[in-house]
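Student: Would you be able to build a 3D model of this:
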Amino acid sequence: MEIKISRKRKVRTKTVPVITGALGAIKKELDPNLKSLPGHHSAKELQKFMLMSTSHIIRKLLDYEYITLNFL
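Tutor: Next up, the predicted model:
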């Protein structure tokens, strides 16, 4: 993806690994990677976002299962 973007837009790109688990688990190397991104980002905000996203997905799944089991 980095290669495609750099070729299409004719700019230099740099891949910055920012990986979190579904429950907000992060690696210790995350802080230096976040500091290299433009703007203000924190590991705490990223963890909160991941937890909220995961809970949203689970709620949708449970709602769907409840509706299909009880109304079909």
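
Student: So, low pLDDT: which residues of the chain?
Tutor: For the chain, applying pLDDT under 70 flags the ranges 71-72.

Student: so where do the strands sit in it?
Tutor: Applying DSSP state E to the chain gives no strands.

Student: Pick out the residue closest to the middle of it.
Tutor: The chain has Met50 as the residue nearest its centroid, 6.1 Å off, counting by CA atoms, centre = their mean.

Student: Do I have it right that it meets Val18?
Tutor: No. Met50 is beyond contact range of Val18, at 10.9 Å (criterion: CB atoms under 8 Å). Where you see a C-beta, it was placed from the backbone N, CA and C, and this is true even at glycine.

Student: Relative to Gln47, how far out is Pro32?
Tutor: Distance check for Pro32 against Gln47: by CB to CB, to the nearest Å, it reads 17 Å.

Student: Between these two, tell me which one has more neighbours.
Tutor: Using other CB atoms under 10 Å as the criterion, Pro32 and Gln47 rank with Gln47 on top: 17 against 9.

Student: What distance do you get for the more buried one to Lys14?
Tutor: 24 Å.
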